[in-house]
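A.B. asks: predicted structure and sequence below. I'll ask about it afterward.
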2 protein chains.
Amino acid sequence: MTLAEQLLSGDRRALARALTLAERGGAEAHALLAAVFPHTGAARTIGVTGPPGAGKSSLVAALAAEWRRRGVTVGIIAVDPSSPYTGGAILGDRIRMQGLGGDAGVFIRSMASRGRPGGLARAADDAIALLDAAGFEIVLVETVGAGQGEISIARSAQSTVVVEVPGLGDDVQTLKAGLLEAADLLVVNKADRPGAEETLRRLRAMRAIGLARHAGWEVPVLPAVATTGEGMGEIIAALEAHRRYLQSSDAIARHALERAAQALNDAAGELAHERLRADEQAYRAALDEIANRRSSPHAVAARLLALGQPPS
Amino acid sequence: MTLAEQLLSGDRRALARALTLAERGGAEAHALLAAVFPHTGAARTIGVTGPPGAGKSSLVAALAAEWRRRGVTVGIIAVDPSSPYTGGAILGDRIRMQGLGGDAGVFIRSMASRGRPGGLARAADDAIALLDAAGFEIVLVETVGAGQGEISIARSAQSTVVVEVPGLGDDVQTLKAGLLEAADLLVVNKADRPGAEETLRRLRAMRAIGLARHAGWEVPVLPAVATTGEGMGEIIAALEAHRRYLQSSDAIARHALERAAQALNDAAGELAHERLRADEQAYRAALDEIANRRSSPHAVAARLLALGQPPS
């Protein structure tokens, strides 16, 4: 059996190998993805993002535990661009604390920005496709919401959950304006702390002045205490409502086209990058040519890529 | 005279038109850049970044005023990816408050992420090259430091100034770890506020445990009050010291090669993106093919790009 076939049959070790391959990128990874891609699309994909310290890993683990109690399988990708070490490790701890350590119905993978020249977004997208192809019913992607790149990863899922905590000041609210706009669902975690009511109230007020990404969906703002599991049922119910909303409107088709455009562009960028580096000597000479201002980056890129005529 | 020739002769209106062209991207922009590129490299480029509310615009304006007193010309690019409206407007206000409103030795341009498919980084890079070619001795790039993308824009300059303010809590410090690592020079603005000494002390302590980007350069941590001009002389002196450091080590050559690699990759990505969109009908069909999972993004990208053999 090929790796793709092993993966599609539900072999966990094949999945782990496939994810490693995808994180590295390159021709072999592209071929694997091409083989499994027609078998994707069944998973319910959910992004979870928010500022550092909001308790995203705890929330993801608590949600996974709740889904597992309902017999639903969950694949999780923890993306941490700033630190290749902490993100996945913390999530692993939280998952074990939820008693899911030996559960074959849960699969966790952490990813960092290292290793893949084409970028983390492309690698995360491929990882989602692999977990989807491997048969996980829910695929969760956790990213720290510290910039456009990370937010766009969370938004590549069908629904995006943005996690906040009580008591953040106004300065930070400004920082996170882009984060709030990405939310289909807002969760105020650590809602047993002082100031939770105020934060819930403020976020609900912001929602009223235009948080909704799409007409016809009012972003729910829900309290939660991930460490005790409080609020998980409500979050899952709200995600279910969002899924029904997506299906009843043209939003799900539009989302699929938006995702396709992003994925196509990322893939093209990655192929272009790989082509530039295909001949290391020519690449070094090209850098020297640009650094010494003999030719512009565009002129050199056009020459190295040697883009052919598009197929008609 | 061509637009490139007008620009090189110092014509300010030609510069403004060239910047508009570069922000939009496309074949005409690439040709213009190719023409002026051999005439770039003389400018001293400086990036200024930091969190929202740190007073970056005021600092940039105060530095510009100090350089103008010394007879040095200053071109400024204000990049604000989150908001296409506010960034440049605030900077314009600050520049007028410094009495530089009618000064031909100062040129300001604001840029937002809209308009150019290839991305803001590419557009900002081209804008730097155009101000450089137009003869500005200093080219400042101001960006809000809210994510990797924006930080990388600031780092595309030869020296990066990161602006902080007193009294930011620990949560926010975590958020900005990537920001501090980008600094060649740290400025604590609004240093007349309570807590400034503590912030200076803390940043100096962090520096000691490895803030420096390069061996042989200890990142200065300087107080400033941009609104009164306090500390501008010291910042300019520190930037001068950093320039000497760059020239005395191999850092400046290494930086030029790093910049060339980034610019080449960005340009290739942009060309690839333009190619994908060259035939709108084929592009739509390709998105449908991916959205309906008939082919993987890589397979479609490879077909549409029709990458030729690289020149040998």
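C.D. replies: Yes, it's here.

A.B. asks: longest helix in chain A, please.
C.D. replies: helix A:251-276 (DSSP state H).

A.B. asks: same question for that helix, mean pLDDT?
C.D. replies: In this model, helix A:251-276 carries a mean pLDDT of 87.

A.B. asks: in that helix, what counts as buried?
C.D. replies: A:251, A:255-257, A:259-276 (16 or more other CB atoms under 10 Å in any protein chain shown). In this view, the C-beta of every residue, glycine as well, is placed from N, C-alpha and C.

A.B. asks: again with stretch A:97-111
C.D. replies: A:98, A:100, A:106, A:107, A:108, A:109, A:110, A:111.

A.B. asks: cool, and stretch A:158-169?
C.D. replies: Buried residues in stretch A:158-169 (16+ other CB under 10 Å): A:158, A:159, A:160, A:161, A:162, A:163, A:164, A:165, A:166, A:168.

A.B. asks: mind checking pLDDT for the first one?
C.D. replies: Okay, so that is residue A:158. pLDDT, read off for residue A:158, is 90.

A.B. asks: same question for the fourth one.
C.D. replies: At residue A:161, the model reports a pLDDT of 93.

A.B. asks: list the beta-bridge partners for it.
C.D. replies: residue A:48, residue A:185 (DSSP bridges).

A.B. asks: how far away is it from chain B?
C.D. replies: 19 Å (CB to the nearest CB, to the nearest Å).

A.B. asks: same check on the second one?
C.D. replies: Residue A:159 sits 17 Å away from chain B when distances are taken as CB to the nearest CB.

A.B. asks: how about the contacts made by that residue?
C.D. replies: A:45, A:46, A:47, A:184, A:185, A:239, A:242, A:243, A:246 (CB atoms under 8 Å, 6 or more residues apart in numbering or on different chains).

A.B. asks: what do you get if the cut-off is 10 Å, keeping everything else the same?
C.D. replies: Shown in contact with residue A:159 (CB atoms under 10 Å, 6 or more residues apart in numbering or on different chains): A:44-48, A:183-185, A:238-243, A:245-246, A:255.

A.B. asks: hang on, the earlier thing: can you tell me which of the buried residues of stretch A:97-111 is closest to residue A:136?
C.D. replies: Using CB to CB, residue A:107 is the member of the buried residues of stretch A:97-111 that sits closest to residue A:136, with 6.6 Å.

A.B. asks: strands of the stretch 151-300 of chain A, residue ranges please.
C.D. replies: For the stretch 151-300 of chain A, the strands defined by DSSP state E, counting those that start in this stretch occupy A:159-164, A:185-188, A:221-223.

A.B. asks: average pLDDT across the shortest one?
C.D. replies: Yep, that's strand A:221-223 we're talking about. Strand A:221-223 comes out at a mean pLDDT of 95.

A.B. asks: so what are the sheet partners of it and their directions?
C.D. replies: In the sheet, strand A:221-223 lines up with strand A:185-188 (parallel) (DSSP bridges).

A.B. asks: buried residues, the partner strand. List them.
C.D. replies: Buried, per 16+ other CB under 10 Å, within strand A:185-188: A:185, A:186, A:187, A:188.

A.B. asks: so the third one makes contact with residue A:166?
C.D. replies: No. Because the distance of 11.8 Å does not satisfy CB atoms under 10 Å, residue A:187 is recorded as not touching residue A:166.

A.B. asks: contacts only, for residue A:30.
C.D. replies: With CB under 10 Å, 6+ apart, residue A:30 has these contacts: A:21-22, A:118, A:126, A:267, A:270-271, A:274, B:296-299, B:301-302.

A.B. asks: which of those scores worst on pLDDT?
C.D. replies: residue A:118 (50).

A.B. asks: check contacts around the residue lying closest to residue A:256 once chain neighbours are set aside.
C.D. replies: Once flanking residues are discounted, residue A:256 sits nearest to residue B:291: 4.1 Å by CB to CB, 6 or more residues apart in numbering or on different chains. Residues in contact with residue B:291 (CB under 10 Å, 6+ apart) are A:41, A:253, A:254, A:255, A:256, A:257, A:258, A:259, A:260, A:261, A:263, A:264.

A.B. asks: which among the residues you listed gets closest to residue A:75?
C.D. replies: Distances from residue A:75 to the contacts of residue B:291, taken by CB to CB, are shortest for residue A:41, at 14.5 Å.

A.B. asks: could you pull up phi and psi at the closest residue to that closest one other than its chain neighbours?
C.D. replies: Nearest residue to residue A:41, sequence neighbours excluded (CB to CB, 6+ apart): residue B:293, at 5.0 Å. Dihedral pair for residue B:293: phi 60, psi 30, per degrees, to the nearest 10.

A.B. asks: for residue B:293, report the pLDDT, please.
C.D. replies: So residue B:293 comes in at 91 (pLDDT).

A.B. asks: run a quick neighbour tally on it.
C.D. replies: Using other CB atoms under 10 Å in any protein chain shown, residue B:293 is surrounded by 16 other residues.

A.B. asks: quick check, it in contact with residue A:39.
C.D. replies: Yes. Counting by CB under 10 Å, residue A:39 is a contact partner of residue B:293 at 8.1 Å.

A.B. asks: shared neighbours of the two, anything?
C.D. replies: In terms of CB under 10 Å, 6+ apart, residue B:293 and residue A:39 are both contacted by the residues A:129, A:132.

A.B. asks: thinking again about what came up before, any idea which of the buried residues of strand A:185-188 is the one closest to chain B?
C.D. replies: residue A:188 (15.4 Å; CB to the nearest CB).

A.B. asks: my guess is residue A:80 contacts residue A:90. True?
C.D. replies: Yes. Between residue A:80 and residue A:90 there is a contact under CB under 10 Å: 8.9 Å.

A.B. asks: looking at the two, which is more packed in?
C.D. replies: Using other CB under 10 Å as the criterion, residue A:80 and residue A:90 rank with residue A:80 on top: 25 against 19.

A.B. asks: roughly how far does that one sit from residue A:52?
C.D. replies: 10 Å (CB to CB, to the nearest Å).

A.B. asks: now do stretch A:287-302: distance to the chain's middle.
C.D. replies: 35 Å (CA atoms, centre = their mean, to the nearest Å).

A.B. asks: how close does the residue nearest to residue A:256 get to residue A:252?
C.D. replies: Residue B:291 sits at a distance of 10 Å from residue A:252 (criterion: CB to CB).

A.B. asks: who touches both of those two?
C.D. replies: With contacts defined as CB under 10 Å, 6+ apart, no residue is shared by residue B:291 and residue A:252.

A.B. asks: circling back: shared neighbours of residue A:187 and residue A:166, anything?
C.D. replies: residue A:223.

A.B. asks: quick one on the thing from earlier: make TSV out of the contacts of residue A:30 and add distance to residue A:194.
C.D. replies: Compiled in TSV, those are given as follows (distance: CB to CB, whole Å):
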residue	distance to residue A:194
A:21	47
A:22	43
A:118	45
A:126	42
A:267	47
A:270	47
A:271	52
A:274	52
B:296	49
B:297	47
B:298	50
B:299	54
B:301	51
B:302	55
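
A.B. asks: out of those residues, which are buried?
C.D. replies: Buried among these by 16+ other CB under 10 Å: A:21-22, A:118, A:126, A:267, A:270-271, A:274, B:296-299, B:301-302.
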